[in-house]
Structures are given as C-alpha cells and as structure tokens.
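Undergrad: Pasting the sequence and the predicted model now:
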Amino acid sequence: MEKPAFPTADTQKMLALPMGAISPLWLMFAGAATVGAAYFWSRTFFKPTNLEALTPLPETAIEVTTGVVEAAVETVEVAAEAVVDVVEAEVEFVADTAETIAAAPEPVAVLVEPVVEAAPAPVTPDDLTVLTGIGPKLAAALAERGVTRFAQIAAWTEEEIAGFDKDLKLMGRIGREAWIAQATRLAGK
C-alpha cells in the first residue's frame, strides 16, 4: 500500500484559508491602526485647556478695573493742578525778579541755582514668565518693546493685542492662553 502524498490538495485548501485570515501582515495592520487611533483620541481628549480663557471676566473685576481707572484720572487731575500752581508761582517770581533788575541803578548779579528734578523711582519689572505661555525668550522680546509689568498687559486694547500677535508671530496665543485675564489677576495682587 502506497502512502498518500502529503499535503494533499484538500489539506492545502484547508490550511490556506485560515492562514490567509490570520496572516502576520493583517496583525501588523491592525496594530498600527489601533496605535494611530489611540494617539489621535489621546491628543484630542487630553489637550490642556486654560480655564481662564474659557470663563468670562467676572463683573467684580470690571468694577475694580473701573475704580482703578477713576482713581488714576483723579490722580492725573490733582497732578495737573499742582503743575499749574508751580508754573504760576514761577511766572510771578520771574516777573518780580525782572522788575527788581529793571529798577536797579547798576547791574545786579543774579545767582540762579540749577533746578534739580527728582528722578522718578525706578519701577521694578514683573516676572512675566509667571503667565502661562510666556517663557524667558518671549519675556525678553516683550521687554524690548517696553512691556515689563502685568498692568501693561492687562491694559492692552484689541489693536495692541493684534499688533503684538503679528509682531511676535504668536498666532493667537494671547487670547488662547488668556494673558489679559492672567495679567489682570496678577496686577491686582
């Protein structure tokens, strides 16, 4: 009796179907698709979100800001009145001195002391890197443009925001990371 040839045609058909369905290549495709989907969904759902950018500015902060602006206006008015008083006193002094010199029979030497103005106290800059999204390089770039305090950032208008966004190539980070809200909160401390 002669042995049948192995594998027979029927045996080959039986082995071909399951091997094609569970081929290692299909397992690699499935693994790659699973990893890609997991990466996509993890990036979508676990994206950090700045909650200050999503919440509107509370009314109390607007009232506080209004009060600060009113106080600043009053300070400027008082300073303007003081400057007017000083200028009027100087004009009277110069007029009196001119009358005295004109009435003097011989030339009078007038000694004028130089006016020494008190230099304004230097303002210490704030650490802008405390704000989310501002690193040392961006803080240095803002300092070059004269922005060193939280109050300056809190007072930015829409035009200034657009200008800084374009100038520093921030692509909307100012609004997205809520710099104005953060700076307003930190300037109030």
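TA: Everything's here; your move.
Undergrad: next structured bit after the longest helix seen in the chain?
TA: Longest helix of the chain, by residue count under DSSP state H: helix 59-103. Per DSSP states H and E, the first helix or strand lying C-terminal to helix 59-103 is helix 136-144.
Undergrad: And that next one, what does it pack against?
TA: Using 3 or more Cβ pairs under 8 Å, 6 or more residues apart in numbering; DSSP states H and E, no helix or strand is in contact with helix 136-144. Any C-beta I mention is one placed from the backbone N, CA and C, and that applies to glycine too.
Undergrad: re the thing from before, elements contacting the longest helix of the chain?
TA: helix 179-187.
Undergrad: Kindly export the helix it packs on (C-alpha atoms) in CSV.
TA: Output in CSV follows, covering the C-alpha atoms of helix 179-187 (Å, rounded to 0.1, in the frame of the first residue of the first chain):
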residue,chain,number,x,y,z
TRP,A,179,-2.8,86.6,29.0
ILE,A,180,-5.1,89.6,29.7
ALA,A,181,-7.1,87.7,32.3
GLN,A,182,-4.0,86.3,34.0
ALA,A,183,-2.2,89.7,33.9
THR,A,184,-5.4,91.4,35.4
ARG,A,185,-5.5,88.9,38.2
LEU,A,186,-1.7,89.2,38.9
ALA,A,187,-1.7,93.0,38.7
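Undergrad: Could you tell me how far the longest helix of the chain lies from the centre of the chain?
TA: 34 Å (Cα atoms, centre = their mean, to the nearest Å).
Undergrad: Compute the inter-axis angle for it and helix 179-187.
TA: Counting by axes from the mean of the first three to the mean of the last three Cα atoms, to 10 degrees, helix 59-103 lies at 70 degrees to helix 179-187.
Undergrad: Thr148 - how many residues pack around it?
TA: Using other Cβ atoms under 10 Å, Thr148 has 17 neighbouring residues.
Undergrad: ok, Leu131 - contacts?
TA: Neighbour list for Leu131: Phe150, Ile153, Glu177, Trp179, Gln182, Ala183, Leu186 [criterion: Cβ atoms under 8 Å, 6 or more residues apart in numbering].
Undergrad: 10 Å instead?
TA: By Cβ atoms under 10 Å, 6 or more residues apart in numbering, the residues touching Leu131 are 138-139, 142, 150, 153, 174, 177-183, 185-186.
Undergrad: Quickly list the domain ranges of the protein.
TA: As assigned by automatic domain parsing, the chain contains the domains 9-45, 52-187.
Undergrad: show me where pLDDT drops low in this protein?
TA: In the predicted model of the chain, residues 1, 3-7, 12, 14-24, 48-49, 53, 56-65, 104-116, 118-122, 189 satisfy pLDDT under 70.
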